[in-house]
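Visitor: Take this sequence and fold it.
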Amino acid sequence: MDEDGTEKRPTPRRLASLARLAMYGIVLPVVPLLLGALVAFALAIDVVVTGTARLLSSQDSNLTGATVELAKMTDLVLVGVVLVIVAAGLLELFWPNSSGGHPTWLPSWLVIDSLDGLKEPVLSMLVLVIVVGFVDEAVNTTDGWRTLGIGVGSAAVVAAIAFYRRLR
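Guide: Here you go, the predicted structure:
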């Protein structure tokens, strides 16, 4: 309030400055995304090392188990890649660029113009994680009813994601 009792309103210039400052806050969610990507890559290396050691130390060659371990590793690597893509996409969308165009350090295929553009890789990653999780469950369990339940649930989620993508 001013001295005369009227309410002091922010000027459009102050609001624009505040909004510009808030844009720099996009760094806050980008840092954990990049750290999560590093963790996913480290876990992928761990899966390969422990899976290889387990395969080499066993007497029987369990090709199915090795295939599932490689699928898990691929899944972890792709999760990490998607996290990097989302982090770069957020920076691209919100970080001010002096030239007004897209950042020059990003590859040309990673041009994201809206938040909807970031949903596609995330949805694809979710489908992949669900499928790999189901395959892991199907290979490592003897309980058919449990596998059936997880399969039906997984199929329902994947169908819902496909339906959502089809509507857009």
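
Visitor: mind listing what the closest residue to Ser114 other than its chain neighbours touches?
Guide: Closest residue to Ser114 apart from its sequence neighbours, by Cβ to Cβ, 6 or more residues apart in numbering: Leu93 at 7.5 Å. C-beta here means a position set from N, CA and C on the backbone, and glycine is covered the same way. By Cβ atoms under 8 Å, 6 or more residues apart in numbering, the contact set of Leu93 is 26, 112-115, 118.

Visitor: Isn't Leu33 up against Ala87?
Guide: Yes: with contact defined as Cβ atoms under 8 Å, Leu33 counts as touching Ala87 (3.9 Å).

Visitor: which ones are touching Tyr24?
Guide: So Tyr24 contacts Trp95 (Cβ under 8 Å, 6+ apart).

Visitor: Per-residue confidence, it, what does it come out as?
Guide: Model confidence at Tyr24, given as pLDDT, is 77.

Visitor: follow-up on the earlier one: need the contacts of Leu93 in CSV with neighbour count and distance to Ile161, can you?
Guide: Shown next, in CSV, are the contacts of Leu93 (neighbours: other Cβ atoms under 10 Å; distance: Cβ to Cβ, whole Å):
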residue, neighbour count, distance to Ile161
Ile26, 15, 26
Ile112, 20, 20
Asp113, 10, 22
Ser114, 9, 19
Leu115, 11, 17
Leu118, 19, 15
